[in-house]
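Asks: Provided below are the primary sequence and the corresponding predicted coordinates.
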Amino acid sequence: MSTPQLVVHHDKDLMAQAAAARLITKIVDAQSSRGYASVVLTGGRNGNGVLAALAAAPARDAIDWARLDLWWGDERFLPEGDPERNVTQAREALLDRVPLDPKRVHAMPASDGPYGADADAAAAGYAEELARAAGPENHGPVPVFDVLMLGVGPDTHVASLFPELPAVRETERTVVGVHGAPKPPPTRVTLTLPAIRAAREVWLLAAGEDKARAAAIALSGAGEIQAPAAGARGRSRTLWLLDAAAASQLPRSLYPPASP
Ligand SMILES: O=C1O[C@H](COP(=O)(O)O)[C@@H](O)[C@H](O)[C@H]1O
């Protein structure tokens, strides 16, 4: 697993634009070398900020949208179309504006979907979908994602892995149902740390003052059960993309100081 690297941008808009530019390059590179790219989206303010910046970037047309697989790191287990669902927000920010192949858009099940209100069954169904997409070259039950993005919550949660809850302790399954989440809605579906760690690159997004404590805790040696963001690592790269406000409580030794 890779050691976290940090990039600190001036403010959250710049952070979102820079992350979007970085994502375009990654997707185009993967499509050029392998024919397709595979990206895991996150919900939350920072994740949706990156998607909105991508929608506004002229270079977005460099992406072959029909050869892009989209997955989700977690979902709020609510009815289809609910405005709080991560996929609904992603559609609004970007997905409805680009020519994706609907078969490659792998939304997590809704609470009125094929598994009804059973979040554990929905999680098992999504795990099967991931396993079906994993080729023999992937050596595991999930495809090797090119980039997996995670918004960092003020309590250090990533995806729907909240401190001390059972989901963050999961070591076998790739997707689990979450019950009693401290942030609404209480019922969710999430990738687990083993699934997250299958990604080539994991990008943690943290912008805003309310993320400063979480970033400092996760990057200062906390355990992943107490601070799930600390356990989110990519195989070849773990990148924290922050703005100055979110980086304000980090020890200066963790990133180079800004130029005068
Ligand atoms: O509920 C969620 O929260 C986190 C972080 O969201 P933010 O608004 O505090 O940035 C998000 O990453 C996750 O996908 C989402 O379900």
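Replies: Thanks, I have the structure now. Residues are numbered from 1 along each chain as shown.
Asks: hang on, residue 203 is in a strand, isn't it?
Replies: Yes - according to DSSP: H, G, I helix; E, B strand; the rest coil, residue 203 belongs to a strand.
Asks: so who does it touch?
Replies: Shown in contact with residue 203 (CB atoms under 8 Å, 6 or more residues apart in numbering): 19, 22, 147, 148, 149, 150, 239, 240, 241. C-beta here means a position set from N, CA and C on the backbone, and glycine is covered the same way.
Asks: same check, this time on residue 187
Replies: Contacts of residue 187 (CB under 8 Å, 6+ apart): 77, 111, 119, 177, 178, 179, 181.
Asks: Also residue 246?
Replies: Residue 246 touches 206, 207, 208, 209, 211, 212, 215, counting by CB under 8 Å, 6+ apart.
Asks: ok, back up a step: so which of the contacts of residue 203 is the closest to the ligand?
Replies: residue 150 (5.9 Å; CB to the nearest ligand atom).
Asks: Using the three-state scheme, assign that closest one.
Replies: Under three-state DSSP, residue 150 comes out as strand.
Asks: Look up the closest residue to the residue of the stretch 101-250 of the chain found nearest the ligand, ignoring the ones flanking it.
Replies: Going by CB to the nearest ligand atom, the ligand is nearest to residue 151 of the stretch 101-250 of the chain, at 2.7 Å. Computed as CB to CB, 6 or more residues apart in numbering, the closest residue to residue 151 that is not its neighbour in sequence is residue 44, at 3.4 Å.
Asks: is it true that that neighbour touches residue 154?
Replies: No - with contact defined as CB atoms under 8 Å, residue 44 does not reach residue 154; the gap is 10.5 Å.
Asks: Who has more neighbours out of these two?
Replies: Set residue 44 next to residue 154 and count neighbours by other CB atoms under 10 Å: residue 44 wins out with 21 against 15.
Asks: any idea how far the more buried one is from residue 30?
Replies: 24 Å (CB to CB, to the nearest Å).
Asks: picking that back up, near the ligand too, which of the contacts of residue 246?
Replies: Contacts with the ligand are made by none of these, judged by CB under 6 Å from any ligand atom.
Asks: mind giving me CSV with those and columns for pLDDT?
Replies: Below are these laid out as CSV (pLDDT from 0 to 100):
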residue, pLDDT
206, 98
207, 98
208, 97
209, 97
211, 98
212, 98
215, 98
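Asks: low-scoring stretches of the stretch 1-150 of the chain, by residue?
Replies: Nowhere does the stretch 1-150 of the chain drop to pLDDT under 70.
Asks: is stretch 235-251 anywhere near the ligand?
Replies: No - using CB under 6 Å from any ligand atom, stretch 235-251 stays clear of the ligand, with a minimum separation of 10.2 Å.
Asks: swap in stretch 115-124?
Replies: No - residues of stretch 115-124 are not located near the ligand by CB under 6 Å from any ligand atom, the shortest gap being 13.4 Å.
Asks: Contacts only, for whichever residue of the chain sits closest to the ligand.
Replies: Proximity to the ligand, evaluated over the chain using CB to the nearest ligand atom, is greatest for residue 44 at 2.3 Å. The neighbours of residue 44, taking CB under 8 Å, 6+ apart as the test, are 86, 151, 153, 205.
Asks: neighbours around the third one, how many?
Replies: By that I understand residue 153. Residue 153, neighbours per other CB under 10 Å, totals 23.
Asks: Up against the ligand, what does the chain have?
Replies: Checking the chain against the ligand by CB under 6 Å from any ligand atom, the hits are 42-47, 73-74, 76, 86, 150-151, 153, 159-160, 183.
Asks: In strands only, show me the residues you listed.
Replies: Per DSSP state E, strands hold the following members of the residues of the chain next to the ligand: 74, 76, 150, 151.
Asks: and the gap between the first one and residue 195?
Replies: In other words, residue 74. 11 Å.
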